[in-house]
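Chemist: Below is the sequence, then the predicted model.
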Amino acid sequence: MAYRLELVALALPANCAPESLPAPVSQFVAACWPGMSRAQLLDRARRFALRASLRARPERRPDGVQLYALVLVTDDARAELVAHVRRLARRGGARRARASLPPAQDERQTGLF
């Protein structure tokens, strides 16, 4: 059965401070929202001139959320984030799933982590 991936949250590894992220990666995280699909996540990374790699990590959370390593590479830096992703079963119909739209953001709102 094919699955559709839905972003729940982004997090930093335990040994990384938010201030140590390159500027394009920080902007990328601020532009992400819960509910976006894998394709939207990778497209958003390309818009910020980032090369992205999304790989499953072996640990799982009990609430059905899978952890993925999201590696973002710029010309001179590399950053690794932890993506909390929920797997949703695809329906068998020919119609494409409705795209998740970014929520209206207040400038006082914090990022995903």
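Modeler: Received it, and whenever you're ready, just let me know what you need. Residues are numbered from 1 along each chain as shown.

Chemist: Could you pull out the strands in the chain for me?
Modeler: Taking DSSP state E, the strands of the chain run over residues 3-11, 51-60, 65-73, 78-89.

Chemist: Show me what the longest one pairs with in its sheet, parallel or antiparallel.
Modeler: Each strand paired with strand 78-89, and its direction, by DSSP bridges: strand 3-11 (antiparallel), strand 65-73 (antiparallel).

Chemist: Name the residues of it that come out as buried.
Modeler: By 16 or more other CB atoms under 10 Å, the buried positions in strand 78-89 come out as 79, 81, 82, 83, 84, 85, 86. C-beta: built from backbone N, CA, C; applies to glycine.

Chemist: Alpha carbons only: can I get it in CSV?
Modeler: Taking C-alpha atoms only, strand 78-89 is exported to CSV below (Å, rounded to 0.1, in the frame of the first residue of the first chain):
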residue,chain,number,x,y,z
ARG,A,78,25.2,21.3,6.1
ALA,A,79,22.4,21.1,8.7
GLU,A,80,20.4,18.1,10.0
LEU,A,81,16.9,18.3,11.4
VAL,A,82,14.6,15.7,12.8
ALA,A,83,11.3,15.6,11.0
HIS,A,84,8.3,14.1,12.8
VAL,A,85,6.1,12.6,10.1
ARG,A,86,2.8,10.9,10.1
ARG,A,87,2.2,8.3,7.4
LEU,A,88,-1.3,8.4,5.9
ALA,A,89,-2.7,5.7,3.6
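
Chemist: Kind regards, and thank you for your time.
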